[in-house]
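> below are the sequence and a predicted model; questions follow.
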Amino acid sequence: MIPTPDLSHLRSEDYKHIYEPAEDTFILLDALEEDAEELRRSKPLVCLEVGSGSGCVSAFAGAILGPSTTLYLTTDINPYACRSTKATGSQNRVPIEPICASLTNPIRTRLRHAVDILLFNPPYVPTETEEADEAQHEANIAGAWAGGQDGMEVTGVLLGQVESLLSEKGRFYLVAVKQNDIKDICDKMLHQHGLKGEVCPFVHLCVPNH
Ligand SMILES: C[S@@+](CC[C@H](N)C(=O)[O-])C[C@H]1O[C@@H](n2cnc3c(N)ncnc32)[C@H](O)[C@@H]1O
């Protein structure tokens, strides 16, 4: 069993600004742990986490892969999250490079078909569009959950970028809830982007279908 990353450097005060790892975070860790052998064997060069929050998920990926040449990149719109992610990387000896940005905006073109592991536990809670827009604009803690219509307004944008980011052996791990319409996500990813999906209690999209 791979231990949960050490987050003892984060205080309850920090969690007023960043998302505290919760059940959805641990579902993602479980999925990664389940695939640990395959992930190690695939010798990933680039692991990109979108919306890293505390940095727990990327640090866990680092624990799975062990000392390696993997580049750990993360993005988050929330500057507190970027600082916490960096600190969590240091605390757990995983060299994570956080980028304060929305989704994959400043790096997308340079990472074309280069991402071997793509991770996203998004703001998936259905809310009014205005609430999601404001949370995105303010880049505060509400941005951790406010997902707009069907909880898909942020995730939907990333879904359109996944195929161009993933390498040939790339895998995309996405946390989703029923209200996001998981079947529809899988259908669209297959028919529009040629990506096969597997549902655990979450959506796990992987491997270009060619
Ligand atoms: C549910 S939290 C997940 C945090 C962490 N990955 C975890 O699993 O515990 C969602 C994260 O996505 C970030 N986020 C929201 N919108 C984003 C966007 N457009 N681009 C990048 N990150 C975003 C939030 O700030 C928050 O840190």
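Nice, I can see it.
> skip the chain neighbours and tell me the closest residue to residue 77.
What sits nearest to residue 77 in space, not counting adjacent residues and going by C-beta to C-beta, 6 or more residues apart in numbering, is residue 139, at 4.1 Å. (C-beta placed from N, C-alpha, C; glycine too.)
> ok, the one you found - contacts?
77-79 (C-beta atoms under 8 Å, 6 or more residues apart in numbering).
> how about those residues in JSON lines, adding pLDDT, neighbour count and secondary structure?
Shown next, in JSON lines, are the contacts of residue 139 (pLDDT from 0 to 100; neighbours: other C-beta atoms under 10 Å; DSSP: H, G, I helix; E, B strand; the rest coil):
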{"residue": "77", "pLDDT": "98", "neighbour count": "23", "secondary structure": "coil"}
{"residue": "78", "pLDDT": "98", "neighbour count": "24", "secondary structure": "coil"}
{"residue": "79", "pLDDT": "98", "neighbour count": "14", "secondary structure": "helix"}
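> so what sits opposite the residue nearest to the spatial centre of the chain in the bridge?
Nearest to the mean C-alpha position of the chain, by C-alpha atoms, centre = their mean, lies residue 120 at 2.1 Å. Applying DSSP bridges to residue 120 yields these beta-bridge partners: residue 50, residue 174.
> count the residues that sit near residue 89.
Neighbour count for residue 89, taken as other C-beta atoms under 10 Å: 22.
> repeat for residue 56
For residue 56, the neighbour count with other C-beta under 10 Å is 27.
> helices of this structure, start to end?
Secondary structure of the chain (DSSP state H): helices located at 23-34, 36-41, 56-65, 79-91, 129-138, 153-165, 182-193.
> roughly how far apart are the residue nearest to the centre of the chain and residue 198?
Residue 120 sits 16 Å away from residue 198, going by C-beta to C-beta, to the nearest Å.
> interface residues of the chain facing the ligand?
Selection of the chain residues close to the ligand by C-beta under 6 Å from any ligand atom yields 19, 21, 25, 28, 50-54, 56-57, 75-78, 81, 102-103, 121-123, 136, 143-144, 154.
> residue 134 - nearest residue in space that isn't next to it in sequence?
In space, and not counting its chain neighbours, residue 134 is closest to residue 142: 7.4 Å by C-beta to C-beta, 6+ apart.
> isn't that neighbour right next to residue 136, touching?
No: using C-beta atoms under 8 Å, residue 142 is not in contact with residue 136; the gap is 9.1 Å.
> just to revisit the earlier point, which residues does the residue nearest to the centre of the chain contact?
Listed by C-beta under 8 Å, 6+ apart, the contact set of residue 120 reads 49-51, 155, 158, 172-175.
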